[in-house]
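[1] Generate a structure from the sequence data that follows.
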Amino acid sequence: MDFEDPSIPQTLEKIRNLSDDDTQRYYHNLIPIEHAPSPQFWQTLGDDDSILARRLILLACVASKFTLIPYEFQLTASLATIKGQDSLVDVGTGYGKTWCMILPALYRPSRISLVVSPLKRLQVVQVGTFEKYGIRAVAINEDTPGDPELWKRIKSGYYSVLIVQPEQLGTSHNGHRAQLCQLLSDNRAFISLVQCVHIDEAHTIFTAGIDLYGIAAFRPAWGQLGKLRVIIGKQVPVQALSGTQPPHIRRKIISSLMMDEPWLRSVTLSSNRENLVYATHGIIGQRSDFRNLGFLVPDGYDGSYQLPKGIVFHDDKREVASAAIFIDSRLPKSMRGKGVVQHYHGTMSKLFLECVYNDFGDPNSTCRILHATSGASTGLDIPGIKYVVQYGVTQDIPLLLQRGGHAGRGTRDTAVFLIMYEGWVLKTDIHAVGGDIALDPDHPLADKLGVNASKEDRTGWAMLHVIQSASCLHSLFADYLNDKSIRGMFI
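    From the prediction side, this is the model:
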């Protein structure tokens, strides 16, 4: 078989149909031993799994035009899914969780993989990633048109991957069942095509899907994903993926998705990255005094060198815009208003967001400083970001780590995650917490919150502890995540 065949789909189909002996032979002839999984990995697999893993590696190599060989954790997670086993994939932002979803779709393109995704921006990125490797994918959300031809293709299994928002699996805002929900509920032939379900950013089940601390769930559909298992049957494997699965969130994911813990495959890598440096710094005065961010454009900067690429996260859309205006004003006059500093939040036009994203993702981008809200923490998948600034503490640690994980992706170069905190954080008595921090370290100090609770009231114990503690931040985050690995404890 000619693996240089320009017709990649035909080559992929040939790989799927190779005999076991041919699979072994092509693997050994084509995969460089220095890039292949370790001998220890192969020793953990039986004969059938060993052949399947080699087949998956060949598929990935051809689909990526021999630019990529799957990591061991991606193979382990994919083997579980293909064999019908539920799994938890707990690996940090930027480690390559998406390939845990790509490999099953490459292996069985005639079946459907459901990917539950939290944000429209992330859906766009994911569709592009699947299509890059020759997999037909479509995003389904509230903006998806009712075009009969489109839904005919969806119903027939034309798309191997359906990237859906959880609200599309239940009733819509007007009380009617969403179109995908109708298909899953009423069409047994369609259900039979579903081979697996991937829950991306699965920590959202806890952080947005359930009532917390007296506040109603922000997106209750996330907390109702277990109903999907009732509809499609528990024989369809479910995989939950997230880089932030501390014990209290992990427990909720397992119970919500009706996973049988004794049979659950758990794939975990330390989130502590060697190239990521954590730092904290207090905000002087009010957050609205953006001189606190003046270091992003050094005094006297004349444009003679390129500013490092970075993201500043805010929790308020108005603050995002105002901060961007201030930082832009620190540039030389000839550079102001030229897109070197941009702001990005979910209510901006799709066209504008697309333009900003595409430019910022270019290694030689015009935009060097991006001010963004939480939508970008899961919607931006860009390598080579030199720093991330969290401007003001977050309510909980999962959101903090999701944002910080954007720094230093896809490179071994050192990157910085700077957490800038308000003055009240150091003055708060964290011993007055109203809940059991052993069961939920993100519990706010108040026992129950009102709808109009202040940021001080909403901020969780763990976030306050991280800022007030004199301990190593790597160690604090490892403790929070229950990361007992050598890398997690001694980086």
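[2] Now do the helices in the stretch 251-400 of the chain.
    In the stretch 251-400 of the chain, the helices defined using DSSP state H, counting those that start in this stretch lie at 317-329, 350-361, 375-379, 397-404.
[3] rank those helices by mean pLDDT and give me the bottom one.
    Mean pLDDT across the helices of the stretch 251-400 of the chain is lowest at helix 375-379; the value there is a mean of 61.
[4] ok so, going back, okay, the helices of the stretch 251-400 of the chain in a markdown table with mean neighbour count and distance to residue 300 next?
    Where C-beta positions appear, they are placed from N, C-alpha and C, glycine not excepted. Shown next, in a markdown table, are the helices of the stretch 251-400 of the chain (neighbours: other C-beta atoms under 10 Å; distance: least, C-beta to C-beta, whole Å):
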| stretch | mean neighbour count | distance to residue 300 |
| --- | --- | --- |
| helix 317-329 | 18 | 14 |
| helix 350-361 | 15 | 25 |
| helix 375-379 | 23 | 30 |
| helix 397-404 | 24 | 29 |
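[5] Can you add distance to residue 30 and give these back as CSV?
    Shown next, in CSV, are the helices of the stretch 251-400 of the chain (distance: least, C-beta to C-beta, whole Å):
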stretch, distance to residue 30
helix 317-329, 48
helix 350-361, 31
helix 375-379, 35
helix 397-404, 37
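[6] quick one, which of those helices is nearest to residue 38?
    Among those, helix 397-404 comes nearest to residue 38, with 28.0 Å by C-beta to C-beta.
[7] Could you list the residues in contact with the closest one?
    92-93, 201, 203, 207, 243-244, 246, 249, 271, 276, 278, 311, 313, 374, 377-378, 388, 390, 393-394, 417, 419, 441-442, 460, 462-463, 466, 477, 480 (C-beta atoms under 8 Å, 6 or more residues apart in numbering).
[8] so how far is that helix off the chain centroid?
    In terms of C-alpha atoms, centre = their mean, to the nearest Å, the centre of helix 397-404 is found 11 Å from the chain centre.
[9] cool, and stretch 237-246?
    10 Å.
[10] how long is that stretch end to end?
    End-to-end distance for stretch 237-246: 22 Å, by C-alpha to C-alpha, to the nearest Å.
[11] do you know how far residue 431 is from residue 247?
    Distance, residue 431 to residue 247, using C-beta to C-beta, to the nearest Å: 22 Å.
[12] Between these two, which is the more surrounded one?
    residue 247 (14 against 7; other C-beta atoms under 10 Å).
[13] correct me, but the more buried one touches residue 483?
    No: assessed by C-beta atoms under 8 Å, residue 247 is found out of contact with residue 483, at 11.0 Å.
[14] Can you name the residues that contact the closest residue to residue 82 other than its chain neighbours?
    Spatial nearest neighbour of residue 82, excluding adjacent residues (C-beta to C-beta, 6 or more residues apart in numbering): residue 104 at 5.5 Å. Residues in contact with residue 104 (C-beta under 8 Å, 6+ apart) are 78, 81, 82, 113, 195, 196.
[15] Check which helix or strand the first one maps to.
    Just to be clear, that refers to residue 78. Secondary structure assigned from DSSP states H and E places residue 78 in helix 72-82.
[16] Quick one: mean pLDDT for that helix?
    Mean predicted lDDT for helix 72-82 stands at 98.
[17] do stretch 407-417 as well
    Mean predicted lDDT for stretch 407-417 stands at 90.
[18] what's in contact with it?
    93-94, 273-279, 310-311, 381-388, 390, 404.
[19] what about the longest helix in the protein?
    Ordering each helix of the chain by length in residues (DSSP state H) puts helix 47-63 first.
[20] Domain ranges for this structure, per the record?
    Domain segmentation of the chain under automatic domain parsing yields 70-268, 276-490.
[21] Out of the ones you listed, indicate the one that is most buried.
    Across those, averaging neighbours per residue (mean count of other C-beta atoms under 10 Å) puts domain 70-268 on top, at a mean of 19.
[22] do you know how far residue 282 is from residue 421?
    6 Å.
[23] what's the answer for residue 225, then?
    For residue 225, the distance to residue 421 equals 34 Å [C-beta to C-beta].
[24] Kindly report the same for residue 86.
    39 Å.
[25] Flag the shaky bits of the chain, pLDDT-wise.
    1-6, 171-175, 375-380, 486-491 (pLDDT under 70).
[26] can you pull out the strands in it?
    With strands called from DSSP state E, the chain shows them at 87-90, 112-116, 137-140, 161-164, 194-200, 238-242, 265-268, 276-282, 310-313, 341-344, 369-372, 387-391, 415-421.
[27] Compare those strands and report which one is nearest to residue 33.
    The nearest among these, by C-beta to C-beta, is strand 265-268 at 23.8 Å.
[28] Show me what the closest one is packed against.
    Secondary-structure packing of strand 265-268 (3 or more C-beta pairs under 8 Å, 6 or more residues apart in numbering; DSSP states H and E): helix 72-82, strand 87-90.
[29] how about CSV for those, with distance to residue 230 added?
    Listed next are those as CSV, based on distance: least, C-beta to C-beta, whole Å:
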stretch, distance to residue 230
helix 72-82, 20
strand 87-90, 20
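[30] Show me how far stretch 121-141 is from its chain's centre.
    The answer for stretch 121-141 is 14 Å, by C-alpha atoms, centre = their mean.
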